[in-house]
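K.L.:
Here is my input; please provide its structure:
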Amino acid sequence: MSKRPLVRDLLKEKEVDLTASERKLTAVLIDGAMVAGLQSITRLADSAQVSTPTVIRLARKLGFDGFGDLQDAIREDIAARIKEPLAKLEPVSPDAPRDHIVSRFVASATANINRTLERLDLAEFDRAAEILSDTARELHIMGGRITRSNAHYLFNHLQIIRPRVFLMDSSPSVWPQSLLDMGPHSALVIFDIRRYEKELEKLAGFAVEQGVSIVLFTDVWGSPIEPHASVCFRAAIEVPSSWDSTLAINLLVEALIAEVQSRLSDSSADRISALEKTIGESKIFRGI
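P.N.:
This is a model prediction of the structure:
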């Protein structure tokens with residue numbers, strides 16, 4: 001797994017050092033999910049209304065030898081975003097030492113968590129906590145094919161902490177009913193990692209048109225939903241498996257749950273007490 005910074009991250013890191021023309025070029029690249037960078041240098045310059053020397057200058061500011069080198073990096077980033085499960089397993093040389101899968105998985109998962117925390121914007125985290133703890137808002141939560149369990153986990157905790165939390169049905173055919181009641185008083189939490197789901201992108205688009213605030217959990221490459229999001233968390237997900245790991249995502253989820261409960265400590269204590277009373281009376285759990 002390559003640890004080279006993504007081109008889009010390099011663009012954001014260098015943003016303060018860019019000229020006006022370079023910023024126009026950056027906007028074209030980021031708004032188009034970097035796909036515009038696969039064009040010829042002339043077409044890219046024309047689409048951004050800048051000169052070809054500007055394209056070359058930007059590539060060098062990002063640490064590349066020239067446009068060709070930058071374009072190779074963009075191509076690599078895009079290929080990683082759309083990897084199919086079998087392509088995610090890296091070939092291993094027969095002569096290479098083979099650590100146990102547990103050791104390799106733990107090393108990758110730990111690196112993912114560290115990488116995610118290094119890039120975490122604490123102001124963004126606080127903004128998400130503010131949205132989720134605002135009881136004047138309805139909260140709707142939606143996960144994708146792989147991230148549905150993350151959505152369920154967040155839902156199970158938030159519905160205990162605060163009222164008006166809803167887990168959206170996985171079937172797009174029933175989403176219009178949910179959208180009927182969404183507006184500026186609502187927030188929608190979406191989990192979407194590679195290979196990004198078109199239906200989730202459509203849902204986000206409809207929700208934003210109705211004034212809904214979106215909190216997005218995605219991967220390092222960034223879901224197409226990101227431009228719609230009020231808050232976006234990008235987590236590292238690569239492990240030695242055909243399937244991506246959501247451990248780093250769930251770490252952020254658990255931290256948010258703790259912060260929301262802290263912000264709503266008085267009201268959540270009343271809800272939890274009422275819940276525990278009902279659980280005790282119903283004898284759902286075994287006693288000692």
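K.L.:
ends of stretch 186-197, how far apart?
P.N.:
Using Cα to Cα, to the nearest Å, the end-to-end distance of stretch 186-197 comes to 22 Å.
K.L.:
Also stretch 113-127?
P.N.:
One end of stretch 113-127 to the other measures 21 Å (Cα to Cα).
K.L.:
got the buried residues for it?
P.N.:
Neighbour counts using 16 or more other Cβ atoms under 10 Å place I113, R115, T116, L120, E124, F125 of stretch 113-127 among the buried residues. Where C-beta positions appear, they are placed from N, C-alpha and C, glycine not excepted.
K.L.:
okay, who's weakest in those residues by pLDDT?
P.N.:
Note: of these, the lowest pLDDT belongs to R115, at 92.
K.L.:
what helix or strand is that one on?
P.N.:
In this structure, R115 sits in helix 101-118 according to DSSP states H and E.
K.L.:
got a list of contacts for that helix?
P.N.:
1, 220, 234-241, 245, 247-248, 251-252 (Cβ atoms under 8 Å, 6 or more residues apart in numbering).
K.L.:
Just flag the most distant two among the buried residues of stretch 113-127.
P.N.:
The most widely separated members of these are I113 and E124, with 17.3 Å between them, by Cβ to Cβ.
K.L.:
How many residues are close by S262?
P.N.:
S262 has 12 neighbouring residues, counting by other Cβ atoms under 10 Å.
K.L.:
Assumed it was part of a strand.
P.N.:
No - counting by DSSP: H, G, I helix; E, B strand; the rest coil, S262 falls outside a strand, being helix.
K.L.:
Distance check, it against A129.
P.N.:
As for S262, its distance to A129 is 9 Å (criterion: Cβ to Cβ, to the nearest Å).
K.L.:
for A187, same thing?
P.N.:
Distance of A187 to A129, given as Cβ to Cβ: 12 Å.
K.L.:
ditto for V220
P.N.:
22 Å.
K.L.:
Those two: which is more packed in?
P.N.:
Neighbour count, other Cβ under 10 Å: between V220 and A129, V220 has more, with 23 against 20.
K.L.:
Let me see the contact set for the more buried one.
P.N.:
So V220 contacts L6, D9, R115, R234, A235, A236, I237 (Cβ under 8 Å, 6+ apart).
K.L.:
Rebuild those as CSV, extending it with secondary structure.
P.N.:
Compiled in CSV, these are given as follows (three-state DSSP):
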residue, secondary structure
L6, coil
D9, helix
R115, helix
R234, strand
A235, strand
A236, coil
I237, coil
